[in-house]
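Visitor: Dropping a prediction and its sequence here:
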2 protein chains.
Amino acid sequence: MRRAATVKDVAEKAGVSPATVSNVLGGRKKVNADMAARVHAAATELGYEADRAASFLRSGQSRIVAMTVPSLDNPFFTSIIASVERWSNANGFDLIVASANESDAVEKARVGALLSWRPAGVVVIPNSERFPARDALDFSGTPYVLADRAIPGLSADAVTIDNFSAGRLAANHLVDLGHRDVTVCASTLDLSNIRERCDGIRSRLAEGENARLSLLEVGLTFESASATIERWLQGSPRTTAVVALTNFSTLAVLGALVQRHIRVPDDVSLVGFDDYAWMRAAGPSVTAIRQPVEEIGRRLWERLQARMDGDAGEPVHIQLDTDLIVRDSTVGHPDPVHDTYIRSADGAFRAESRTPGQ
Amino acid sequence: MRRAATVKDVAEKAGVSPATVSNVLGGRKKVNADMAARVHAAATELGYEADRAASFLRSGQSRIVAMTVPSLDNPFFTSIIASVERWSNANGFDLIVASANESDAVEKARVGALLSWRPAGVVVIPNSERFPARDALDFSGTPYVLADRAIPGLSADAVTIDNFSAGRLAANHLVDLGHRDVTVCASTLDLSNIRERCDGIRSRLAEGENARLSLLEVGLTFESASATIERWLQGSPRTTAVVALTNFSTLAVLGALVQRHIRVPDDVSLVGFDDYAWMRAAGPSVTAIRQPVEEIGRRLWERLQARMDGDAGEPVHIQLDTDLIVRDSTVGHPDPVHDTYIRSADGAFRAESRTPGQ
DNA sequence: TTGTAAGCGTTATCAC
DNA sequence: GTGATAACGCTTACAA
């Protein structure tokens, strides 16, 4: 590992002082034009890039954002990382990521390590409602924003979807189609977002008569979900529709139904959660609640940016609307050209064709 | 943002010198037992964690690993990140990630930024064979390891699968089943790993008589792949089997076939690439070449660790074996209990049931 | 064994 | 407008 060039090297080569180099490259002070040119030339020639650690140490401006997620193997979480990375990068911040690996203890330990970088801000998808990172974050005073999972009673900025409405949106679709026996596959009721989705479904079903809701807690992984659903199906449950509240449980339900040759949607309809390419490609394609991932990232950044800039206002909980993407798993085989329909929370209906560029 | 505690604070509280605090917490020198206890107590009380930037600046040990991937929206890449993150974390390193967002220019720019952290090592999944990060990495002298995509002619450590053998494995399965008209859906032939997979398929097909191979270049995204495959199907191609060489193209092929009510595997068989939960759950479940993601991460770390420790030996290209997971998309509906079969490169056959915990 | 002091590379301050 | 100098928080010679 070659020693990297320093300000001194550049200064010497350009025949100026280190301070001037810093001023030119940092663009903080006015400098003589041809001096600046010499500095730039020298910097380029030496491949100079300021050492971020030293720069931070002196300036106190870390330009690091740290992010912790329950797992890096869940595409929902990584899609949020992708969005945050784009925003942070666009603003000159680098992103340090840590996975809690589904463990409260790991989350706690990892956040400790992240904070030792003195990040300017932190984005957290808490591993559980215990929110193990909380104490360290609060103690450090580092601005942070929660994503996806808000913590009940916690005063902190959070960006989530409107889980209750998302649940209603799913239930409403099924009720409209005449379903009265609905089973909900929840990952775990230990998470408030999942509970709220359930509440939304329950609330809509309660508006009709004779609607019955069964609840199945299937765990956080595809494997546990598959096993639980398999056991449940062995009991020949009376159900005409399933709402799955996470991407893994959606997949597990679909797999179990297909494997048992239960016809979808003829025997059982399915509304899934999250919107992935495989849901379009599956046979049958899956009706699903789509979360606005890109917007979640944008709003996370917006909140974090505000806090990093010193906003000391009341904590804000942003709850974004979801869309219902109607596909074969609830309505069979619709119009072959416009075969995907989107129903927004406001009830509007619009067609979306499957052609590229969407 | 509260000012974080420093060594001085801890030293004062414990009634010792800063050097002693550093020695106790860093565990580098022997210290008196009750002094050590006092230091630990003070550190805990103040919530002290050494500032990593300052620590690095003085010691020259950055304990940062940087990683760049073409996209954070591709679960294959993020699964490798997940594995590397576990290994780096276990060894006390933090991980900075950057996405090239499928752009050579972005890769180059992002790697420049990453290097300004003076990372101890870098893991790169190059965005293209141009490997835009190369110059900066070589110039910096930072140890790096390529993942997934080796660059032809490049002298650098790389951990990939044995792409040629993977191609042969897929083709062999289809030939065994009697297929003679095989279409390959490649993302892009601009990547050597994809070309090698093609070559492997071609090589196996060439061993039989009358085998025909058609090649379809479908692009890197699900959308472009879907569109291309759709156009191709409109031409009523003479093909009894498709090999898809990436996860997105696998999905796109499956979707297009299902949508057109082409029966799989009765009309067309499908061998996909990568192994995801959705492939088990899809109807039909998808026969696929599984890449050993966890091992890729392990070997990446092993190589990087060696280089960071000063190993100056010849560049090593590790090529890992893949498995063929046989499912419905090539063989219909096998034994309902052990419904997934794995065929390794060595030809061994073993059953794997779909019960949880696998 | 413990403390003192220097210095990592940068930028902010303050003379010039 | 430019340059010398100090200081950020830490680790590590080296002195005690």
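Guide: Arrived safely, thanks for sending.
Visitor: wouldn't A:T20 be in contact with A:V31 here?
Guide: Yes: between A:T20 and A:V31 there is a contact under CB atoms under 8 Å: 6.3 Å. In this view, the C-beta of every residue, glycine as well, is placed from N, C-alpha and C.
Visitor: burial of the closest residue to A:P75 other than its chain neighbours, as a residue count?
Guide: Closest residue to A:P75 apart from its sequence neighbours, by CB to CB, 6 or more residues apart in numbering or on different chains: B:P75 at 5.0 Å. By other CB atoms under 10 Å in any protein chain shown, 24 other residues sit near B:P75.
Visitor: Who has more neighbours out of A:T20 and A:V31?
Guide: A:T20 (21 against 16).
Visitor: so which strand or helix has the closest residue to A:A244 other than its chain neighbours?
Guide: Distance criterion CB to CB, 6+ apart; nearest residue to A:A244, sequence neighbours excluded, is A:T250 at 4.0 Å. In the assignment (DSSP states H and E), A:T250 maps to helix A:247-259.
Visitor: Identify the contacts common to A:T20 and A:V31.
Guide: Here A:T20 and A:V31 have A:V39 as joint contacts, going by CB atoms under 8 Å, 6 or more residues apart in numbering or on different chains.
Visitor: Which single residue in chain A comes nearest to DNA strand D?
Guide: Residue nearest to DNA strand D within chain A: A:N32 (2.6 Å; CB to the nearest atom of the strand).
Visitor: helix or strand for A:D34, which one?
Guide: Here A:D34 is assigned to helix A:33-46, by DSSP H and E.
Visitor: cool, and A:F164?
Guide: Judged by DSSP H and E, A:F164 forms part of helix A:163-176.
Visitor: Between helix A:163-176 and the helix or strand just after that helix, find me the angle.
Guide: Once helix A:163-176 ends, the next helix or strand along the chain (criterion: DSSP H and E) is strand A:181-186. Strand A:181-186 runs at 150 degrees relative to helix A:163-176, counting by axes from the mean of the first three to the mean of the last three CA atoms, to 10 degrees.
Visitor: got the angle for the next helix or strand after strand A:181-186 vs helix A:163-176?
Guide: For strand A:181-186, the succeeding helix or strand toward the C-terminus, using DSSP H and E, is helix A:192-205. Relative orientation of helix A:192-205 versus helix A:163-176 (the same axes, to 10 degrees): 40 degrees.
Visitor: A:D309: how many residues sit nearby?
Guide: Neighbour tally, A:D309, other CB under 10 Å: 9.
Visitor: In which helix or strand does the closest residue to A:H40 other than its chain neighbours reside?
Guide: Spatial nearest neighbour of A:H40, chain neighbours left out: A:V24 (6.9 Å); criterion: CB to CB, 6+ apart. Per DSSP H and E: A:V24 is located in helix A:18-26.
Visitor: Any regions of chain A where pLDDT drops low?
Guide: Applying pLDDT under 70 to chain A picks out residues A:1, A:333-358.
Visitor: Which of the three states applies to the residue nearest in space to the middle of chain A?
Guide: Centroid check for chain A by CA atoms, centre = their mean gives A:I80 as the closest residue, at 3.5 Å. Following DSSP: H, G, I helix; E, B strand; the rest coil, we place A:I80 in the helix state.
Visitor: Look up how far chain B lies from it.
Guide: Per CB to the nearest CB, to the nearest Å, A:I80 is found 9 Å from chain B.
Visitor: picking up where we left off before, does the residue nearest to A:P75 touch B:Y276 like I think?
Guide: Yes: using CB under 8 Å, B:P75 is in contact with B:Y276, at 6.7 Å.
Visitor: what residues are shared contacts of those two?
Guide: Contacts common to B:P75 and B:Y276, judged by CB under 8 Å, 6+ apart, are B:N247.
Visitor: wouldn't A:L177 be in contact with A:S269 here?
Guide: Yes: using CB under 8 Å, A:L177 is in contact with A:S269, at 6.8 Å.
Visitor: For those two, indicate the residue with more neighbours.
Guide: Neighbour count, other CB under 10 Å: between A:L177 and A:S269, A:S269 has more, with 25 against 15.
Visitor: need the contact list for the more buried one.
Guide: A:S269 neighbours (CB under 8 Å, 6+ apart): A:L174, A:L177, A:H179, A:T240, A:A241, A:V242, A:T287, A:S329, A:T330.
Visitor: Tell me the secondary structure at A:V122.
Guide: Going by three-state DSSP: A:V122 is strand.
Visitor: The closest residue to A:Q291 other than its chain neighbours - how many residues pack around it?
Guide: Spatial nearest neighbour of A:Q291, excluding adjacent residues (CB to CB, 6+ apart): A:I161 at 5.3 Å. For A:I161, the neighbour count with other CB under 10 Å is 25.
Visitor: do the same with A:E314
Guide: Counted with other CB under 10 Å, A:E314 comes out at 8.
Visitor: One more: A:P143?
Guide: Going by other CB under 10 Å, the residues that sit close to A:P143 add up to 24.
Visitor: which ones are touching the closest residue to it other than its chain neighbours?
Guide: Leaving aside its chain neighbours, A:P143 sits nearest to A:R307 (3.5 Å; criterion: CB to CB, 6+ apart). The contact partners of A:R307, taken as CB under 8 Å, 6+ apart, are A:G121, A:P143, A:Y144, A:V145, A:D157.
Visitor: Give me the phi and psi for A:R307.
Guide: Main-chain torsions, A:R307, degrees, to the nearest 10: phi -70, psi -40.
Visitor: now A:A206
Guide: phi -70, psi -20.
Visitor: Please apply the same query to the one 5 residues further on.
Guide: In terms of degrees, to the nearest 10, the main-chain angles of A:A211 are phi -80, psi 140.
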